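Student: Need coordinates for the following:
(chains A and B)
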Amino acid sequence: MTTPLLDVRGLSTQLDSDTGVVRAVDGVSLTIDPGQTLGLVGESGCGKSMTARSIVRLLPSGGRTVAGQVLFEGRDLLTLDAGAMRAMRGHHIGVIFQDPSTSLNPVHPIGNQIAEPLRLHLGLSARAARDRVVELLSRVGIPRPQQRISDYPHQLSGGMRQRVMIAIAVACEPRLLIADEPTTALDVTIQAQILELIAGLSSETGTAVLLITHDLGIAAGMCDRIDVMYAGRMVETGSLDDLFYRPRMPYTWGLLDALPQLGMDRHTRLATIEGGPPDLSAVMAGCRFADRCAWTRDLCRSTEPLLTARSDAGHLARCHGTDAGGWIG
Amino acid sequence: MRRLLHHPSATLGLIVLTFVVIVAIVGLFWTPYDPYAVAPRQKFLPPDAVHLMGTDQYGRDILSRIMYGGHLTLLTGFLSIAMALSIGITFGVVGGWVGGRTDLAIVATMDILLAFPAVLLALGIVAVLGGSVTNVIVAVGIATIPVFNRVARAAVLSVTARPYVRAAVAMGCSDRQIIVRHVLPNVAGPLVVLTAITIAGAILIGSALSFLGLGAPPPEPEWGVMLNDARAYMQLGWWLTVMPGVAIALTVLALNLLGDGLRDLLDPTSRATDAHA
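Tutor: Just a heads-up that it's a prediction; the model follows:
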């Protein structure tokens, strides 16, 4: 058993909103081993991005982490002072955001933007940084890097911009790369290329990846382990095989059913999970998925199930129905 | 810069402004006649080949006075705006970035300044400090601070909400680095435009104060002072008031044209289409 690179314990993050305090992340724990790729999946608004943003302490205004620990190589990121946290971001932890077109600064050439973390964290000279930028650009698959280095973001396509974002995130060879829906803003043909690039870079440098996505298909192609979140809670965690072949939580079943299948009749509608996620500013008793679950019983509404171990090591699920003595087969 | 020259009104503004500035600089070292030399026998001469802009009530050559006085008028405009710009932007950026009570205090102060019309405010300040070129510059500067402060603050607020600022934080940049490298370059556009247009306004206010006798003392050939001097003799010679008036109007117009042109050019959408052309 190796010590995990990232060990998040009981993380709770709240957001202030017009309707009250939203408990966006509620007691979430997760671990990533060095070099491992962890997928964090769930539908929109279930707290995936907030979990990631809590880890790097990039919460929007009105957001605060109220409980928990974020141990990165044994140090709690939540207790680091601002300077130490800055030294962590972009150096040991790289972040890729969802929308590459707005995440690059329009007034600077891309070369300068990639050089920025190199100069900031590694103290490279302008010339050394430039050489490294050219190398990075060719690594992320941008042709003619010498010329491209002085291009402005608007002169690149969406896929190219995301490659630049990736180059910035991996410039200092971080030990952890957080990719928050890295392909959502891109079209499908580019998606695969970008994911391949992230997977390739991670295996070359041994960088661990936290991949946040709402698409189980993407997670299946890249991840070693998958964590499923629902309404701010971790509801199931396990290896890729556990999640795809032995899921033990009705929400995960719903996500899997919603995936389009090859060879599907084109007139068949995709399965959906009826209803929407609950209001996170309300106090909830019982299982948060109870209102949308087909197997709900009174117990589900009164007592929230715990994350309990299932057949395989490291496979946990939060469901009364599939727990020992449950009523779902 | 190259694109600036393709914009007709901006080009015109730039040419006229350059001309005015060069004339004012030349006027410091050389003028056709001594701008202060009184020649009672040559008073009220209409423009001709000897006195291109005629002479005034003391027989002083108007062209020489306009050339020599140009630096006073232009400096009033440039220095007062330089002052307003640096103070206004500093507080605007700090307020917009820090937010909270600091921001509230700055906004409230600026609102108080903004509640008075600029001319009135400048007038009041000069009345307290006493009339001199320096005091006019300070007064116009103070009166213009809130304009820059507001624009800078609004621009910082809108830029700060952009994902690339968050990306810069994720990259490990400190607040100072983010403001200098990521925020300021993105708010430069509106501020450059504002600078050109407010300099024009400052020249007008400065001239107005001089015209009211609160700026440069009378023998000085400041354009506003010249207008005031000539006021009593308007019927005796149109050139007495028209010449300095035209000088002021031309400078202000040039700055406004330049400002308009810059606004078009610094609009990021026009830049985007341009770069592909």
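Student: For chain B, what is the nearest residue in the stretch 201-329 of chain A?
Tutor: residue A:210 (13.2 Å; Cβ to the nearest Cβ). The way it works is simple: take the backbone N, C-alpha and C, and place the C-beta from them, glycine included.
Student: cool, chain A as well?
Tutor: Proximity of chain A to chain B (Cβ to the nearest Cβ) peaks at residue A:90, 3.5 Å away.
Student: can you pull the contacts of that residue?
Tutor: The contact partners of residue A:90, taken as Cβ atoms under 8 Å, 6 or more residues apart in numbering or on different chains, are A:117, A:120-121, A:168-169, A:171-172, A:174, B:170-173.
Student: if you average pLDDT over stretch A:249-262, what comes out?
Tutor: Taken as a whole, stretch A:249-262 has a mean pLDDT of 85.
Student: try stretch A:303-323
Tutor: 87.
Student: Just the residues contacting that stretch, thanks.
Tutor: With Cβ under 8 Å, 6+ apart as the test, stretch A:303-323 has contacts from A:225, A:233-239, A:242, A:246-250, A:252, A:284-288, A:295, A:297, A:299-300, A:324, A:326-328.
Student: give me that answer again for 7 Å
Tutor: Residues outside stretch A:303-323 that contact it (Cβ atoms under 7 Å, 6 or more residues apart in numbering or on different chains) are A:233-239, A:242, A:246, A:248-250, A:285-287, A:295, A:299-300, A:326-328.
Student: again with stretch A:273-280
Tutor: Stretch A:273-280 has contacts (Cβ under 7 Å, 6+ apart) with A:22-24, A:43, A:45-46, A:231-232, A:254, A:258, A:284, A:288, A:291-292.
Student: Adding secondary structure, write the residues you listed out as TSV.
Tutor: Listed next are the contacts of stretch A:273-280 as TSV, based on DSSP: H, G, I helix; E, B strand; the rest coil:
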residue	secondary structure
A:22	strand
A:23	strand
A:24	strand
A:43	coil
A:45	coil
A:46	coil
A:231	coil
A:232	coil
A:254	helix
A:258	coil
A:284	coil
A:288	coil
A:291	helix
A:292	helix
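Student: what's around residue A:56, how many residues?
Tutor: The number of residues packed near residue A:56 is 23, by other Cβ atoms under 10 Å in any protein chain shown.
Student: that's a strand at residue A:322, yeah?
Tutor: No. Under three-state DSSP, residue A:322 falls outside any strand and is assigned coil.
Student: Look up phi and psi at it.
Tutor: Here is the backbone geometry of residue A:322 (degrees, to the nearest 10): phi -100, psi 0.
Student: So what's the residue count around it?
Tutor: Residues near residue A:322, counting by other Cβ under 10 Å: 21.
Student: How much space separates it from residue A:246?
Tutor: The gap separating residue A:322 from residue A:246 is 10 Å, by Cβ to Cβ, to the nearest Å.
Student: again with residue A:16
Tutor: Distance from residue A:16 to residue A:246, counting by Cβ to Cβ: 40 Å.
Student: sec struct for residue A:146, please.
Tutor: Going by three-state DSSP: residue A:146 is helix.
Student: OK, contacts around the closest residue to it other than its chain neighbours?
Tutor: Leaving out its chain neighbours, the residue that sits closest to residue A:146 by Cβ to Cβ, 6 or more residues apart in numbering or on different chains is residue A:134, at 6.0 Å. For residue A:134, the contact set (Cβ under 7 Å, 6+ apart) comprises A:145-146, A:149.
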